[in-house]
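J.: Have a look at this fold, sequence not included:
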């Protein structure tokens, strides 16, 4: 079966699909010819769907993706520059959460959105671990506190600049500065020997992070948790990820306890123009 087929009644032979193919696997041999795959294209195609998505008339179908499988882009839903600026500037790291669980349906939809994040070579290597029970979140946070105690004792030169002693002291007094008493955690993990894995997980988590406010949710990157998740054997055992996988990022997520009303300023971006 060929890599792709072209509907001659729809194809305008404009060469857009060939121009947009990331691997350069489509050719038009003349003005009157239709797009055809290069020899060996099946081996190098990453099945990104660019050729199907970019054709204005829906003339091209990949072997595993047809135009009718792809919802149309709704231009009326696209953000303008001002909407985009406010959307991104109003995003906040949430550290105070309501004692209200997020439904599994909503958490699933967020991961569904995040799976459309770009990944090197379209590998889509990201796996998700959702810590759904608040009691489990707190149990895991306690293991992170144990890791901090180990770091303070055994590697004070690293623990000092991170102020881990203050975090542990707060934990011992009943204040959670590790997971902020968030009702849920979302961990992105992928095969550790896969070069694009870390970037793919980070980008996918960023997609999820930015999508969360549309559902009335807030998030915060759990840096302490993720540092321990890759280093501390008791936490590694508790997460029980596939042996060949590494956690590359963790988000706290829940309903914000408070609302923000202003857009704080940030430093001017240092730009070098050439």
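T.: Structure's in. What do you need? From a predicted model like this one, the values you see are computed outputs, not experimental measurements. Residues are numbered from 1 along each chain as shown.
J.: Confirm residue 200 sits in a helix?
T.: Yes. Under DSSP: H, G, I helix; E, B strand; the rest coil, residue 200 sits within a helix.
J.: so what's it closest to, chain neighbours aside?
T.: Distances taken as Cβ to Cβ, 6 or more residues apart in numbering place residue 119 nearest to residue 200, at 3.9 Å, with adjacent residues excluded. C-beta coordinates here come from the backbone N, C-alpha and C atoms, glycine included.
J.: Please tell me I have it right and that neighbour contacts residue 194.
T.: No. If you go by Cβ atoms under 8 Å, residue 119 and residue 194 don't touch, sitting 9.8 Å apart.
J.: Look up the residues that both of the two are in contact with.
T.: residue 125 (Cβ atoms under 8 Å, 6 or more residues apart in numbering).
J.: Which one's more surrounded, those two?
T.: Shown here are residue 119 and residue 194; by other Cβ atoms under 10 Å, residue 119 has more neighbours (22 against 17).
J.: show me what contacts that one?
T.: Contacts of residue 119 by Cβ under 8 Å, 6+ apart are 125-126, 196, 199-200, 203-204.
J.: Ok, residue 194 next?
T.: Per Cβ under 8 Å, 6+ apart, neighbours of residue 194: 123, 125.
J.: ditto for residue 99
T.: So residue 99 contacts residue 183 (Cβ under 8 Å, 6+ apart).
J.: Over to the one 5 residues further on?
T.: With contact taken as Cβ under 8 Å, 6+ apart, residue 104 is in contact with residue 132.
J.: Can you list the residue ranges for helices in the chain?
T.: Secondary structure of the chain (DSSP state H): helices located at 16-20, 41-44, 50-54, 81-89, 104-114, 134-154, 156-159, 164-172, 197-211, 223-229, 233-239.
J.: right, and the ones you listed - which one's nearest residue 2?
T.: Judged by Cβ to Cβ, the one of the helices of the chain that comes nearest to residue 2 is helix 41-44, at 8.4 Å.
J.: I'd like the mean pLDDT over the closest one, please.
T.: Averaged over helix 41-44, pLDDT sits at 94.
J.: And that helix, what's buried?
T.: residue 41 (16 or more other Cβ atoms under 10 Å).
J.: likewise stretch 198-207?
T.: Neighbour-count burial for stretch 198-207 [16+ other Cβ under 10 Å]: 198, 200-207.
J.: Name the residues that touch it?
T.: 113-120, 123-126, 186, 188-190, 221, 246, 248-249, 251.
J.: next one: stretch 136-146
T.: 131, 167-168, 171, 176, 178-179, 181-185, 224-225, 228, 232, 234-235, 238-239.
J.: wait, which of the helices of the chain is closest to residue 270?
T.: helix 81-89 (18.7 Å).
J.: re the thing from before, please identify which of the helices of the chain is closest to residue 97.
T.: Using Cβ to Cβ, the helices of the chain put helix 134-154 closest to residue 97, at 9.5 Å.
J.: Centre of the chain to that closest one, how far?
T.: 25 Å (Cα atoms, centre = their mean, to the nearest Å).
J.: Do me a favour and average the pLDDT over it.
T.: On average, helix 134-154 scores 98.
J.: Run the angle between that helix and helix 164-172 for me.
T.: Per axes from the mean of the first three to the mean of the last three Cα atoms, to 10 degrees, the angle that helix 134-154 makes with helix 164-172 is 140 degrees.
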